[in-house]
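In: the following comprises the amino acid sequence and a computationally predicted model.
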Amino acid sequence: MPDLRERVEEDRGLLKRIQLLVPGFAGYRRKEDIRAADNMLRIQIADRLRGLRSKAEKCRASLVETYETKNLEKLGNLLSSFQAVEGKLRHTEQGYSGISPAIRVDVRELNMLYEYDLSLLEGVERMDADLGRLRSETESKEWEAMSTMISGLRTGLEEFETVMDKRMRVITGTGVTE
């Protein structure tokens with residue numbers, strides 16, 4: 001995945017480049033670009049979470065087809081959690097915003113947010129691999145192993161949400177900076 005901050009800087013139009021040359025406006029322009037990159041990255045991560053939820057839904061459909069009800073409720077609860085976390089990520093507070101925002105985030109803090117975003121992406125990768133194994137367990141009708149996998153996914157999603165909450169505390173300034 002390319003660095004979205006660099007991509008946004010490369011895609012500056014003529015007007016944005018002019019704004020960079022206007023005294024007092026350059027800093028604002030740079031921060032707006034960082035904000036745009038932050039928003040694009042969060043949307044991409046949220047989209048990937050939606051993809052994971054779709055994979056889990058296919059596993060649930062397989063359970064229904066085989067009348068396996070033992071893990072159905074557990075998997076349904078996991079799906080609800082995926083949807084809640086995805087929505088929370090998609091609609092969370094953006095990084096630096098505007099001239100008089102309710103919450104200000106400086107460039108150093110934004111870079112810290114990217115560290116959290118990396119952790120979020122790594123969490124998505126782990127859950128994606130776990131969902132692949134869950135699919136295999138579903139197809140082979142290994143119900144006990146499937147139950148363990150669902151619990152593991154639940155833990156992975158909770159860890160993901162914890163990182164996401166830490167990210168939010170950095171944005172709001174209510175957390176301890178590292």
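Out: Great, that's in hand. Since we're looking at a predicted model, the values are computed, not measured.

In: please count neighbours and contacts with C-alpha atoms only from this point.
Out: Fine.

In: can you pull the pLDDT of T177?
Out: For T177, the pLDDT comes out at 49.

In: do the same with L157
Out: 96.

In: count of neighbours near it?
Out: Residues lying near L157 (other CA atoms under 10 Å) number 22.

In: mind checking what secondary structure it has?
Out: Look at L157: counting by DSSP: H, G, I helix; E, B strand; the rest coil, its state is helix.

In: got a list of what the residue nearest to the spatial centre of the chain touches?
Out: Centroid check for the chain by CA atoms, centre = their mean gives I45 as the closest residue, at 3.8 Å. Counting by CA atoms under 8 Å, 6 or more residues apart in numbering, I45 touches 120-121, 124.

In: go with 10 Å
Out: 51, 86, 89-90, 117-118, 120-121, 124 (CA atoms under 10 Å, 6 or more residues apart in numbering).

In: check L134 too.
Out: Taking CA under 10 Å, 6+ apart as the test, what L134 contacts is 55-56, 59, 128, 140, 142-143, 145-150, 153.

In: thought S81 was touching F160?
Out: No - the criterion here is CA atoms under 10 Å, and S81 misses it with F160 at 11.2 Å.

In: now the common contact residues for these two.
Out: R154.

In: compare these two (neighbour count), which wins?
Out: Remark: of S81 and F160, F160 carries more neighbours, 20 against 17, as counted by other CA under 10 Å.

In: now, among the contacts of L134, which is nearest to D38?
Out: D128 (22.6 Å; CA to CA).

In: is that closest one in contact with R48, as I believe?
Out: Yes - between D128 and R48 there is a contact at 9.1 Å, judged by CA under 10 Å.

In: neighbour count for these two, which is higher?
Out: More crowded of D128 and R48, by other CA under 10 Å: D128, with 20 against 17.

In: tell me the contacts of the more buried one?
Out: 48-49, 51-53, 55-56, 122, 134, 153.

In: got the buried residues for the longest helix belonging to the chain?
Out: Using DSSP state H, we find that the single longest helix of the chain is helix 26-65. The neighbour-count check on helix 26-65 (16 or more other CA atoms under 10 Å) flags 26, 28-43, 45-50, 52-53, 55-57, 59-60, 62-63 as buried.
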